[in-house]
Each structure stands twice: as structure tokens, then as C-alpha cells.
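A.B. asks: would you be able to build a 3D model of this:
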Amino acid sequence: MRKKARVLYGKNGVRRLYSEIAENYDRSKKLYITRLMERSEKPIIENFLNAEHPICSVDLGCGTGRYLKSLLAISRYVIALDFSIDMIKVAMRKYGKFKDKADFIVADIEYLPFRKHSLNLALSTLVINHLENIENALNEIRRILKTKGVFIFTTLNKIVIDKYNRRYGIPQDTVLFVTENIPPTYIYEKGMLEDEIREILKNHGFKIVGFKPVAYWVLLGLLPKHDILLRVLQPYMQYLDFLAKILPSKYAFIHAFKVIKLG
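C.D. replies: Here you go, the predicted model:
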């Protein structure tokens, strides 16, 4: 019997959803689209990170710690931050052995508990689209970064996510999550246009030094009814990103940015 879908509203709804799925997040077989997004962005993010050697870095919205290993490899000190205590607990189990080099904090990306100009690098992947006002977060990130500090992040393309939502009858500015231990759940997530992001970054005193469009597998169609096929193809679909060389970035699902703080 199919479970009835529910809607969790606003920031508290996003927090509740991630808290509920934290224990099952890494191993859920139903998060196949999430896994595709993670596989697509990972090579780009790691390439951006490997060019840096920060004294202190922070993962904003670290989840279960997907990039903590990479950050620990390049940083003297790492802060893992998430607003879900359940996600932080999972990350601590995985990386708590690095307690001399890492701290784990429950906090909100829009209200960061750090001094001005105190960090060298901030990372935030597949997070900012859950924010109703990205500018609040950018103000905080700019505040905590030192001059020439680096901010690396990914965002979902509004053109693609809106088309997907219309095709499958998903309410605007929401995404559907399903795992083995929760009913189908809609939470807030809003795509952004590349030009919109570029303008916001410019207005907040950031200079773009790297940009990569990824996840061109959306051109094959995100077909919920074909989830078994998508699971099988997961390890291979990121190779479609060679299309970035010949197709406009508006066809990519994910846009990855690397920026530096000016002034």
C-alpha cells in the first residue's frame, strides 16, 4: 500500500526531514537521484579543494560528512557544521577519531557562530537551494571568511528543476524525498539561474574563480518510474558530463562555483 505524501514547510521542515533520514541517508537505495548528484559533483569539488591549503575550513551543511575526508586532507583544522543534530551524530561516528583536528557543531548557516575574518575556506554542497534567502547565508559567509578566503558551493539549476517539477506534478519550489523509513515527503528546495547566482555573488563582494556545470544526465530524463534503471546506471551517468564541452550550462542540473572574498 502506497504511503500518503506529506509536506514539511520551511527551514524547520528541511531540518526535520534530514534528521529523520540521517541514520539511513548513506545506505538508502531509494535516494538514487541524490546519489547521482553526489557522484556528478564530487570530482569537481575535489578538484577545487585540492588547489587549496587552508589553515581552517568549514563544511556548511556537512550532512553525514561526505567531504570531511577531503577537507581533513588539505586543512590543518576542520569544522563540520549542520543544523541537524542527527546528521552531526552520524558524521561524528565516522570522523570523530580526528578530534584533535576537527570539531562538530550544530548551527544554522544563516547564523554562523564564528568571529569575523576567522576562516580560510567554506564549503557548502547541495545546501543553499534549501534556503529561502541565500543572501542571508552569503552575508554570514563573507563575514567569517578572511580576505581572499575561498567559498566553494553547488546549486541546482532552476531551469531543470522547474521543468522536472512540472513534468511530474511536484509543487513549485519543493523536492520529493523518499527513503525506506519515511513516507514520501516534500520539502522546500528552489533552483536558481546561473546568471542570478553570478549577480548575487558580485553584489556581495565575491569574485568567481572557478565554474563547472555538471549532471548532464538529466537530458536522459529523471524518470521516477524507471528507478531500477537509474540505480543500475548510477556509476556511469556522470560520464555524460563531457557534454559540458559542447552544450550550454543551462542544460546541466548542477552548477559548481568557486569564489574568493574581495576586500
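
A.B. asks: so which residues of the stretch 151-263 of the chain form strands?
C.D. replies: In the stretch 151-263 of the chain, the strands defined using DSSP state E, counting those that start in this stretch lie at 174-179, 182-188, 206-214, 254-261.

A.B. asks: what about residue 82, neighbour count?
C.D. replies: 29 (other CB atoms under 10 Å). To be clear about C-beta, it is placed using only N, CA and C from the backbone, and glycine gets the same treatment.

A.B. asks: I'd guessed it sits against residue 62; true?
C.D. replies: Yes. Applying CB atoms under 8 Å, one finds residue 82 in contact with residue 62, separated by 5.1 Å.

A.B. asks: got any residues that touch both of these two?
C.D. replies: Here residue 82 and residue 62 have 88, 91 as joint contacts, going by CB atoms under 8 Å, 6 or more residues apart in numbering.

A.B. asks: lowest-confidence helix or strand of this protein?
C.D. replies: Least confident element among the helices and strands of the chain, by mean pLDDT, DSSP states H and E: helix 227-237 (a mean of 63).

A.B. asks: low-confidence stretches in the stretch 151-263 of the chain?
C.D. replies: For the stretch 151-263 of the chain, applying pLDDT under 70 flags the ranges 222-238.

A.B. asks: in CSV: the strands of the stretch 151-263 of the chain, plus mean neighbour count.
C.D. replies: Output for these, formatted as CSV (neighbours: other CB atoms under 10 Å):
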stretch, mean neighbour count
strand 174-179, 20
strand 182-188, 18
strand 206-214, 17
strand 254-261, 22
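
A.B. asks: make TSV from those and add distance to residue 99 to it.
C.D. replies: Formatted as TSV, the strands of the stretch 151-263 of the chain follow (distance: least, CB to CB, whole Å):
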stretch	distance to residue 99
strand 174-179	30
strand 182-188	31
strand 206-214	32
strand 254-261	29
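
A.B. asks: closest one to residue 198 among those?
C.D. replies: strand 206-214 (6.7 Å; CB to CB).

A.B. asks: please state the offset of the closest one from the chain centre?
C.D. replies: 15 Å (CA atoms, centre = their mean, to the nearest Å).

A.B. asks: tilt between that strand and strand 254-261?
C.D. replies: Counting by axes from the mean of the first three to the mean of the last three CA atoms, to 10 degrees, strand 206-214 lies at 160 degrees to strand 254-261.

A.B. asks: show me what strand 206-214 packs onto, helices and strands only.
C.D. replies: helix 32-50, helix 194-203, strand 254-261 (3 or more CB pairs under 8 Å, 6 or more residues apart in numbering; DSSP states H and E).

A.B. asks: what's the most buried one of the ones you listed?
C.D. replies: Across these, averaging neighbours per residue (mean count of other CB atoms under 10 Å) puts strand 254-261 on top, at a mean of 22.

A.B. asks: tell me which other helices or strands that strand touches.
C.D. replies: helix 32-50, strand 145-156, helix 194-203, strand 206-214.

A.B. asks: in its sheet, which strands sit next to that strand, and in what direction?
C.D. replies: With DSSP bridges as the test, strand 254-261 is paired with strand 145-156 (antiparallel), strand 206-214 (antiparallel).

A.B. asks: need these in TSV with distance to residue 247, can you?
C.D. replies: As requested, the strands paired with strand 254-261 are exported to TSV (distance: least, CB to CB, whole Å):
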stretch	distance to residue 247
strand 145-156	17
strand 206-214	8
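
A.B. asks: and the helices and strands packed on strand 206-214 as CSV, adding distance to residue 16?
C.D. replies: What follows is those, written out as CSV (distance: least, CB to CB, whole Å):
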stretch, distance to residue 16
helix 32-50, 17
helix 194-203, 27
strand 254-261, 25
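
A.B. asks: give me every residue that touches residue 142.
C.D. replies: Residue 142 is in contact with 204-206, 261, counting by CB under 8 Å, 6+ apart.
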